[in-house]
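Visitor: I'll drop the sequence and a predicted model, then ask my questions.
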Amino acid sequence: MMHLTEDQLYHLAELSCDAEELNTEEEQQFDHVKSCRECFNQYCVLATILDATSLNCDLVFDPVQIPESTVAPVRKLLVALRVTCERVYNTISLIGEQISQNMATFAFEPVLATAVRGSSSSKTSILRMEDLDDEDTYFVYDAENRKLMVQFDANGRDAANYKAYLKFADQTTIDIPLLKGGLYLKGTLSDVPSGNFDIFIEEN
């Protein structure tokens with residue numbers, strides 16, 4: 001589902017304030033709001049405004065309609081990287097860049113983007129990006145084998161405190177399972193869909 005319009009979000013906020021029963025389409029829209037951070041944030045702003053100006057609106061989300069356990073926890077974005085795949089003749093060129101503006105946590109830069117001979121006589125790139133202050137915090141993507149690996153300094157915290165995932169142009173996401181190894185967390189993912197994607201690392 002695409003992002004909801006402001007009018008749709010405002011309508012949902014009104015329904016929540018008035019405690020009205022939802023139809024099927026409105027229930028689907030609420031399900032989208034719960035899973036989409038951008039729509040969720042905008043919905044909360046509208047609902048807060050209505051709450052401040054309404055006599056009968058006490059909750060942003062009706063706990064009967066939307067259980068608290070289903071609302072995604074707010075996470076701190078640690079880094080966002082963008083991988084762009086460009087194909088010229090029989091060569092796949094990978095371009096990596098950090099797209100989040102806050103470099104206080106991690107500052108990734110490409111250190112390797114080399115073409116290697118592929119199994120089908122084509123050439124493809126292997127992209128490696130490292131944190132400027134810690135070479136053991138890195139991201140590697142092998143387009144030929146459709147596999148990526150990420151490792152970052154988590155200060156010894158457990159994997160449950162972090163979330164790493166890919167996001168594609170159609171807004172679909174794929175989680176990267178993380179495992180603890182000393183101070184670091186490491187994740188690998190196989191069968192990565194071809195094309196451009198962003199990788200996000202967030203902390204609870």
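Guide: Cool, the structure landed. Just so it is clear, the model here is predicted, and its values are computed rather than measured.

Visitor: Which pLDDT value does the model give residue 200?
Guide: Listed pLDDT for residue 200 reads 94.

Visitor: and the lengthiest strand in the chain, what other elements does it pack with?
Guide: Scanning the chain for the strand with the most residues, using DSSP state E, yields strand 76-88. Judged by 3 or more Cβ pairs under 8 Å, 6 or more residues apart in numbering; DSSP states H and E, the packing partners of strand 76-88 are strand 91-98, strand 197-203. C-betas here are computed from N, CA, C, even on glycine.

Visitor: Now distance to residue 109 and mean neighbour count too, for those, in TSV please.
Guide: TSV is the format used below for those (distance: least, Cβ to Cβ, whole Å; neighbours: other Cβ atoms under 10 Å):
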stretch	distance to residue 109	mean neighbour count
strand 91-98	8	17
strand 197-203	15	20
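
Visitor: can you list these in TSV and add distance to residue 15?
Guide: Converted to TSV, these look like this (distance: least, Cβ to Cβ, whole Å):
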stretch	distance to residue 15
strand 91-98	40
strand 197-203	30
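
Visitor: who wins for proximity to residue 28 among those?
Guide: strand 197-203 (25.1 Å; Cβ to Cβ).

Visitor: check contacts around residue 86.
Guide: 92-95 (Cβ atoms under 8 Å, 6 or more residues apart in numbering).

Visitor: Out of those, the closest to residue 8 would be?
Guide: Among those, and counting by Cβ to Cβ, the member closest to residue 8 is residue 95, at 35.7 Å.

Visitor: Output the below-cut-off pLDDT ranges for the protein.
Guide: Counting by pLDDT under 70, the chain has low-confidence residues at 1, 17-20, 50-73, 90, 101-104, 112-124.
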